[in-house]
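[1] the amino acid sequence is not available; the structure is as follows:
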């Protein structure tokens, strides 16, 4: 599969680079400014890489609550931060602009990302309101901005949301595969850091030949069981100091996670 070529392994573990709040975000620190965001991002980048991660995903995770139409300053700041760190990135990297697929591709084109993670289809209701994802417009935009060959990690059902027209996970996997043919499909838990239902991974895998990734809830103690079912995973919160969402990354926790992941991959 393509994962071996990009990440050097058939079941990659991708670490989240949670960028601190940016200008116009409610939690942005104007006194610390962009330099504070960049300093934290650099420290987290090195901690993640020192722990032996397979890939990195940059996301404006602290922009909570998220916008459907992200402000241009967010993209500009993310591009600047990734640009300044570019020479220090030693593994494949991707981008995710929460929750704006169009601007995710804009950013990917600007920084020459290897992959993106995003919700690319469906209609959902959740804490952020009602989301109607314009799949056709997003897919055309991907081609227009030069991201035809980028790897795409596409959400089946986003965390913290439900489909407006509830459909079985098998049906969603089949239709998204048919319409978009993404590089991989993502299964989420209910909230950031919460465990996924591995039965959903199993069910989705029976409905499509597209790789299925677990997109949250990955921990050192669960990564082996997750990789026994899923084709890869994305981890964020567990890598932080004390496993808390807003804390900096702890390289020792990353190393523990990757030790277990590598042992699991060797046993499969």
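    In hand now; what should we look at? Here the structure is a predicted model, which means the values were calculated and not measured.

[2] give the contact list for the residue nearest to the spatial centre of the chain.
    The centroid of the chain falls nearest to residue 117 when counting by CA atoms, centre = their mean (4.7 Å). By CB atoms under 8 Å, 6 or more residues apart in numbering, the residues touching residue 117 are 57, 59, 94, 95, 96, 104, 153, 155, 186, 215, 234. For every residue, glycine as well, the C-beta is placed using N, CA and C.

[3] strand partners of the helix or strand containing it, parallel vs antiparallel please.
    With elements delineated by DSSP states H and E, residue 117 resides in strand 115-118, which encompasses its position. Strand 115-118 has these partner strands in its sheet, going by DSSP bridges: strand 93-96 (parallel), strand 151-155 (parallel).

[4] tell me which stretches of the stretch 51-200 of the chain form strands.
    In order along the chain, the stretch 51-200 of the chain carries the following strands (DSSP state E, counting those that start in this stretch): 55-59, 93-96, 115-118, 123-126, 129-132, 151-155, 161-163, 184-187.

[5] the first one: partners in the sheet, and parallel or antiparallel?
    In its sheet, strand 55-59 lies beside strand 13-18 (parallel), strand 93-96 (parallel), with partners assigned from DSSP bridges.

[6] where in the stretch 1-150 of the chain is pLDDT low?
    Residues of the stretch 1-150 of the chain meeting the criterion pLDDT under 70: none.

[7] 90 instead?
    1, 99, 126-129 (pLDDT under 90).

[8] which residues touch residue 152?
    115, 116, 118, 120, 142, 180, 182, 183, 184.

[9] do the same with residue 175
    With contact taken as CB under 8 Å, 6+ apart, residue 175 is in contact with residue 121.

[10] same thing but 10 Å
    Residues counted as contacts of residue 175 (CB atoms under 10 Å, 6 or more residues apart in numbering) are 121, 122, 135, 167, 207, 208.

[11] isn't residue 61 up against residue 21?
    Yes - when contacts are counted by CB atoms under 10 Å, residue 61 is listed as touching residue 21 (9.3 Å).

[12] next, count neighbours for residue 73.
    Summarising burial for residue 73: neighbours were counted as other CB atoms under 10 Å, giving 12.

[13] with residue 6 instead?
    Around residue 6 there are 18 other residues, counting by other CB under 10 Å.

[14] phi first, then psi, for residue 255.
    The phi and psi values for residue 255, taken as degrees, to the nearest 10, are phi -60, psi -40.

[15] now it: closest residue in space, sequence neighbours ignored.
    Once flanking residues are discounted, residue 255 sits nearest to residue 51: 4.3 Å by CB to CB, 6 or more residues apart in numbering.

[16] what sits against the one you found?
    Residue 51 neighbours (CB under 10 Å, 6+ apart): 13, 15, 239, 249-259.

[17] which of these fall within helices?
    Among the contacts of residue 51, the residues falling in helices (DSSP state H) are 251, 252, 253, 254, 255, 256, 257, 258, 259.

[18] tell me if I'm right that the last one and residue 52 touch.
    Yes - when contacts are counted by CB under 10 Å, residue 259 is listed as touching residue 52 (7.9 Å).

[19] more crowded one of the two?
    A side-by-side neighbour count of residue 259 and residue 52, using other CB under 10 Å, places residue 52 first with 17 against 14.

[20] the nearest residue to the more buried one once chain neighbours are set aside and residue 71: what is the separation?
    If you skip the residues right next to it in sequence, residue 52 has residue 258 as its closest partner in space, 4.1 Å away by CB to CB, 6+ apart. When distances are taken as CB to CB, to the nearest Å, residue 258 and residue 71 turn out to be 35 Å apart.

[21] nice, that's everything, thank you.
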